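Asker: When you get a sec, could you give me coordinates for this:
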Amino acid sequence: MKCPNCGFDNPPGMKFCGMCGTRLAQACPACGFANPPEFRFCGQCGAPLIQEPGLVQPPQPQFPVEAEVPTRPPPAPVQLEGERRLATIILTDVRGSTDLLERIGTEAWVEIMNRVLQILEAEVYRFGGEVDQFRGDGLVAFFGATSAHEDDPERAVLAGLAMQQALKPYAAELAEQEGIDLQLRVGINTGEVIVASVGDRRQHSEDTAMGAGLALAARMETAAEPGTVLVSENTYRLVESQFEWQPLGEITVKGVSQPVAVYRPLAPRADAERLHRPQTYGLSIPLIGREVEFHTLKGCVEDLYDGRGGIVMVTGDKGLGKSFLVAEVRHHFARHGALLAEAYGTPLHFGGAGGGRTPLRFGGAGGELPPASGGPGGVTWLRGRCRSYDQSWPYSMWLDLLRGWLGIREGEPKEETRERFRHQAELLWGDRLAEHYPYLATFLSLPLEEIFAERVKHLDAEGLRQQFFFALRSWVEVMAKRGPLVLAFADVHWADTTSLDLLKYCLPLCDDEALLWLIVFRPDRTAPVWEFRHRVETEYPHRVTTVTLPPLTEAQSGEFVDQLTGPEALPAETRALVLDKAEGNPYYIGELIRSLIAQGVLVQEAETGQWHATRAVASLDLPDTLQSLLLARIDSLSSDERRVLQMAAVIGTVFWSNVLQALAGDTTLKAHLTALQRAQLIQERGRAPDLGMEYCFKSNLIRDAAYEGILSAQRGA
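Answerer: Got it, this is the predicted structure:
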């Protein structure tokens with residue numbers, strides 16, 4: 001800036017001339033703007049530059065352009081509060097949706113996507129999942145993120161397949177009317193997520209689940225072929241026996257260092273039984289500690305040969321071997337029937353459908369029943385299974401029983417099923433076909449021929465229910481009159497009340513027929529089967545046999561491990577860890593051994609088939625299968641009870657009421673501890689001076705599951 005006095009060219013920013021000292025500019029006291037020396041008011045904000053006597057200062061501007069605007073200090077970071085969970089995640093995406101948007105316009109595109117998302121959402125909730133968010137042309141859903149079920153991976157795969165089926169009618173409609181090819185990709189993965197409220201509650205936050213499990217599910221969705229479901233190896237290992245699969249090899253996944261094996265589920269297996277998972281590694285499951293129960297159940301089946309019916313209730317906690325025991329007895333009679341058939345030169349098979357006088361079939365449709373004098377091998381054995389996600393579906397276990405009897409295949413046309421069922425019904429009832437066939441066909445949701453439809457269409461709900469009961473009882477009676485009959489119902493702790501009401505109605509048939517009711521369930525006090533059990537024991541003391549499976553003793557558990565792996569396979573320290581964690585539960589033992597194999601701790605020699613340990617381990621991680629099972633028990637608690645259980649887990653496997661009170665600060669602690677005892681999660685051990693009542697977890701695995709759910713930052717908080 002040139003000095004107005006001497007003309008010296010001063011550098012920018014100078015307020016006084018470097019040559020003569022003349023003022024070059026006036027700095028505004030309000031905004032700091034450099035004004036020429038002759039200005040009396042700031043050219044930027046209007047504030048007076050020289051305060052003259054008697055001069056009234058003009059008002060300050062409200063928003064000076066270059067003035068600093070006061071800002072709030074940045075908020076302190078909010079500590080993450082949440083829970084670590086094992087969840088199965090579904091991601092979906094419509095193929096080519098962006099191109100479709102450009103082609104049909106925003107409004108039509110949104111209308112189509114809204115309809116698609118409604119269809120997909122319904123299938124998620126039908127199988128007990130939760131939609132976390134919609135993403136324009138797809139959704140994210142979780143199974144087990146906030147409420148766990150022990151079969152969440154199975155539910156998720158079923159939901160994925162159901163999505164593809166449910167979308168087909170709408171896709172066909174769009175193809176016919178609009179020429180739109182609508183195809184869906186579905187990806188599924190099981191893995192760890194953190195369930196938390198993310199964001200700042202003072203501005204915006206949302207409850208969601210995040211983590212590596214979600215990232216891999218997204219990769220599965222991206223890699224899936226349109227119109228299919230793609231499942232990661234994590235999920236496949238948990239539900240392998242429940243579905244038909246197409247292995248697709250390994251793919252490279254962004255963000256994962258090693259290639260990932262992927263699988264395409266094709267359909268649920270109609271004959272799927274809950275196989276003991278260690279068998280996938282070639283481990284032979286032994287029958288140890290169940291010899292007495294085996295002979296008891298075997299004797300009840302043999303009573304059928306003398307025309308004596310009965311009711312057997314097999315009960316015990318998850319993993320104690322109920323299904324395995326029943327399967328062993330069933331296979332015993334199947335082998336016996338095969339030997340008998342070989343001796344007589346007759347192709348006797350085990351179980352089946354129909355009603356003629358030619359040999360039995362082992363499952364499936366079209367088989368014929370021998371006369372009642374068929375001998376030891378001539379036992380018809382039919383099985384219905386209850387599923388946790390079918391508890392709201394009326395008569396679910398009976399529907400499963402009849403579908404197994406008829407050998408109904410997934411996706412089979414209803415007309416084909418109806419023709420097969422009508423043929424079997426004619427063999428059973430002959431001239432009395434019209435008395436029962438229309439109602440059982442309706443029961444199975446099969447389309448009726450016009451000649452029979454009149455019998456059904458005018459019935460109200462109660463009238464139809466009565467006809468269902470009458471027709472099912474007649475079916476059981478006719479089946480039993482044609483030969484010894486075992487009707488086995490598995491997982492009845494998940495039975496709906498209508499199924500149990502129908503079972504109560506049919507139970508008296510075992511007084512007059514060679515009929516054995518075989519009812520397998522867990523002793524769950526909250527399930528309808530708990531009341532059903534006491535009613536049966538009260539009303540049928542002359543027919544009922546109760547088989548209760550206890551945990552294995554320490555010696556039996558050790559023998560079980562030795563039979564699985566060989567007596568010298570595991571180091572003593574590792575073997576002791578397995579026995580301590582499993583606490584006499586054969587299923588837990590098998591899962592822990594399987595976990596050691598998956599980790600490479602236990603390997604099998606290719607030449608000899610012998611197992612040996614590569615190293616000793618000082619701790620055992622909780623396998624995913626057991627974590628899901630135990631989380632399902634924990635999630636049945638209230639939020640306050642869960643919080644108390646987690647705090648107790650932080651203290652250790654043993655804890656004291658006064659210590660817990662100091663941590664929880666909860667005036668209702670005693671009530672929560674009582675609820676945890678009723679739930680069979682903890683138990684009292686005695687009172688300690690100054691520490692209060694001493695408690696311990698009934699299972700070390702329950703403590704592990706509760707502890708693993710706590711975020712690391714919260715464990716020491």
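Asker: helices or strands next to the longest helix seen in the chain in the packing?
Answerer: Ranked by residue count, the top helix of the chain under DSSP state H comes out as helix 152-178. Where contact means 3 or more C-beta pairs under 8 Å, 6 or more residues apart in numbering; DSSP states H and E, helix 152-178 is packed against strand 82-94, helix 106-126, strand 139-143, strand 184-200, strand 229-232, helix 233-239, strand 260-268. For every residue, glycine as well, the C-beta is placed using N, CA and C.
Asker: Can you check the pLDDT for the residue most central in space within the chain?
Answerer: Closest residue to the average C-alpha location of the chain: D152 at 0.7 Å, with C-alpha atoms, centre = their mean. According to the prediction, D152 has pLDDT 93.
Asker: residues touching it, list them.
Answerer: Neighbouring residues of D152 by C-beta atoms under 8 Å, 6 or more residues apart in numbering: 87-88, 128, 143-144, 190, 628.
Asker: And the furthest pair within the residues you listed?
Answerer: Greatest spacing in the contacts of D152, by C-beta to C-beta: G128 and T190 (15.0 Å).
Asker: Just want to know which of the two has more residues nearby.
Answerer: Set G128 next to T190 and count neighbours by other C-beta atoms under 10 Å: T190 wins out with 29 against 20.
Asker: Name the residues linked to that one by a beta bridge.
Answerer: Judged by DSSP bridges, the bridge partners of T190 are T88.
Asker: Hmm, it is touching A87, no?
Answerer: Yes: counting by C-beta atoms under 8 Å, T190 touches A87, with 7.2 Å between them.
Asker: who touches both of the two?
Answerer: With C-beta under 8 Å, 6+ apart as the test, T190 and A87 both reach 152, 213.
Asker: pLDDT below threshold where in this structure?
Answerer: For the chain, the stretches with pLDDT under 70 are 1-25, 32-41, 43-46, 50-81, 197-207, 270-284, 337-377, 712-717.
Asker: domains for it, by residue range?
Answerer: Domain assignment of the chain by automatic domain parsing yields the ranges 1-57, 82-275, 290-548, 554-620, 625-715.
Asker: roughly how far is the second one from the heart of the chain?
Answerer: This means domain 82-275. Averaging C-alpha positions (C-alpha atoms, centre = their mean, to the nearest Å) puts domain 82-275 14 Å from its chain's average.
Asker: and if you look at the third one?
Answerer: Chain-centre distance of domain 290-548: 27 Å, with C-alpha atoms, centre = their mean.
Asker: how long is it from one end to the other?
Answerer: Chord length of domain 290-548, first to last residue, is 10 Å (C-alpha to C-alpha, to the nearest Å).
Asker: returning to that earlier point: if you rank the contacts of D152 by neighbours, which is first?
Answerer: T88 (35 neighbours).
Asker: distance of that one from V94?
Answerer: 22 Å (C-beta to C-beta, to the nearest Å).
Asker: go on, G310?
Answerer: For G310, the distance to V94 - C-beta to C-beta - is 55 Å.
Asker: With Y305 instead?
Answerer: 60 Å.
Asker: Who has more neighbours out of these two?
Answerer: V94 (22 against 16).
Asker: sorry, back to before: how about the longest helix of the chain: buried residues?
Answerer: 152-164, 166-167, 171, 174 (16 or more other C-beta atoms under 10 Å).
Asker: got it, and stretch 430-437?
Answerer: 436-437.
Asker: Check what contacts it and list those residues.
Answerer: By C-beta under 8 Å, 6+ apart, the residues outside stretch 430-437 that reach it are 421-422, 425-426, 429, 452, 455, 470-471, 474-475.
Asker: Just the buried residues of those residues.
Answerer: Using 16+ other C-beta under 10 Å, the buried ones in the contacts of stretch 430-437 are 421-422, 425, 429, 452, 455, 471, 474-475.
Asker: any chance of these in a markdown table, with secondary structure and distance to V603 too?
Answerer: Shown next, in a markdown table, are those (DSSP: H, G, I helix; E, B strand; the rest coil; distance: C-beta to C-beta, whole Å):
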| residue | secondary structure | distance to V603 |
| --- | --- | --- |
| F421 | helix | 50 |
| R422 | helix | 55 |
| A425 | helix | 55 |
| W429 | helix | 59 |
| F452 | helix | 62 |
| R455 | helix | 64 |
| A471 | helix | 56 |
| S474 | helix | 57 |
| W475 | helix | 52 |
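Asker: one step back: highest mean neighbour count out of the helices and strands packed on helix 152-178?
Answerer: Neighbour counts (mean count of other C-beta atoms under 10 Å) averaged over each of these peak at strand 229-232, with a mean of 27.
Asker: Partner strands of it, with direction?
Answerer: strand 184-200 (parallel), strand 260-268 (antiparallel).
Asker: pretty sure G255 contacts A218?
Answerer: No: the pair G255 / A218 is not scored as a contact, 9.7 Å apart, by C-beta under 8 Å.
Asker: okay, those two: which has more neighbours?
Answerer: The neighbour comparison of G255 against A218 (other C-beta under 10 Å) goes to A218, with 18 against 9.
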